[in-house]
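Colleague: can't give you the sequence, but here's the structure:
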């Protein structure tokens, strides 16, 4: 294992070109410095200097070693400082639900970085233990506070080649003639089914999926049509989104954080900065 002390000896000899001057610079005796140089040469398996009456002359291996030695010694010198900086950096772990708009999540993270540029940020999946959760207001737990950030409207999604793709607007009643993909956990889908049931109409349910991303895959595959949040499908060229006459269907996304326990310091700083974020 290479001793950094030996590299410091080497750097001093290389720069001073003199054993005596290098020993004074390193605050060691000349014999100790010479012994250290011999030890380094034994470790590397090569001689580094040509010794003469007026000093030493660096050989080719010394020229090769010098920049690497300087870098290693400097990194070792800065290591305690880097650890101190790491220890004082704010930390925040955000659990993020899937099927959110990547563009809007990225914009939020940019805002967070702007408020806390030295933040040590971790992103986790929605079931992980975290300081806060980016999720729907409908999924807020009883012991959490919900900070709203943005809203996403549900839009009817059809493949680009679907017969409805060219229509400017759709009536809810027209959906009963088309194969529909259901997302059981989705309030918008349940609302649609309920509205049609009031008019004694039913959807032709041909498939179901447990997540919005899987519903989108079924729509892209041509299995049927469905409602999806506009943020999820904003960058999907294979889908056509259509407005539907009827009550607005949307979901509200925000940060859920503990109501009764001590807040993460970074979260305490972010809350006032993110208040009204969706309106900015």
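Modeller: All right, it came through fine. The shown structure was predicted, so the numbers you read here are calculated from the model rather than taken from an experiment. Residues are numbered from 1 along each chain as shown.

Colleague: who does the longest helix along the chain touch, helix- and strand-wise?
Modeller: Longest helix in the chain, counting residues (DSSP state H): helix 60-88. In terms of contacts (3 or more Cβ pairs under 8 Å, 6 or more residues apart in numbering; DSSP states H and E), helix 60-88 is packed against helix 4-16. For every residue, glycine as well, the C-beta is placed using N, CA and C.

Colleague: Taking helix 4-16 as reference, get the angle to the longest helix of the chain.
Modeller: Helix 60-88 runs at 130 degrees relative to helix 4-16, counting by axes from the mean of the first three to the mean of the last three Cα atoms, to 10 degrees.

Colleague: Can you mark which positions in helix 60-88 are buried?
Modeller: Buried residues in helix 60-88, counted by 16 or more other Cβ atoms under 10 Å: 62, 65-66, 69, 72-73.

Colleague: Which helix or strand lies directly C-terminal to it?
Modeller: Remark: after helix 60-88, the chain's next helix or strand is strand 91-96, criterion DSSP states H and E.

Colleague: And for that next one, what's in contact with it?
Modeller: Identification of contacts with strand 91-96 by Cβ atoms under 8 Å, 6 or more residues apart in numbering yields 105, 112, 116, 119-135, 255, 264, 266-267, 270.

Colleague: Just the endpoints, please. Distance across stretch 249-264?
Modeller: End-to-end distance for stretch 249-264, by Cα to Cα, to the nearest Å: 34 Å.

Colleague: what is the rounded mean pLDDT of that stretch?
Modeller: The average pLDDT within stretch 249-264 is 88.

Colleague: Name the residues of it that are buried.
Modeller: Here stretch 249-264 shows 249, 251, 253-257, 263-264 as buried, counting by 16+ other Cβ under 10 Å.

Colleague: Could you list the residues in contact with it?
Modeller: With contact meaning Cβ under 8 Å, 6+ apart, stretch 249-264 is reached by 91-92, 94, 100, 104, 131-141, 143-154, 187-188, 191-192, 227, 229, 267, 271, 274.

Colleague: Check stretch 212-222 too.
Modeller: Here stretch 212-222 makes contact (Cβ under 8 Å, 6+ apart) with 98-99, 157-159, 162, 181, 183, 186, 207, 209, 224-226, 228-229, 232-233, 236, 238-239.

Colleague: Return the set of buried residues in that stretch.
Modeller: If you call a residue buried by 16+ other Cβ under 10 Å, then stretch 212-222 has these buried ones: 212, 214-216, 218-219.

Colleague: follow-up on the earlier one: filter the contacts of strand 91-96 down to the ones in strands?
Modeller: Using DSSP state E, the members of those that fall in strands are 120-125, 132-135, 255.

Colleague: Please convert the buried members of the residues you listed into ChimeraX selection syntax.
Modeller: Listed next is the ChimeraX selection for buried residues among the ones in strands among the contacts of strand 91-96, using 16+ other Cβ under 10 Å:
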select :132,133,134,135,255
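
Colleague: Out of the ones in strands among the contacts of strand 91-96, name the two that are farthest from one another.
Modeller: Within those, 120 and 135 form the most distant pair, 22.0 Å apart (Cβ to Cβ).

Colleague: and the contacts of stretch 249-264, which are buried?
Modeller: 92, 94, 100, 104, 131-136, 140, 144-152, 154, 188, 192, 227, 229, 267, 274.

Colleague: contacts for stretch 155-166?
Modeller: With Cβ under 8 Å, 6+ apart, stretch 155-166 has contacts from 170, 174-175, 178, 216, 219-220, 222, 225-230, 233, 237-244.
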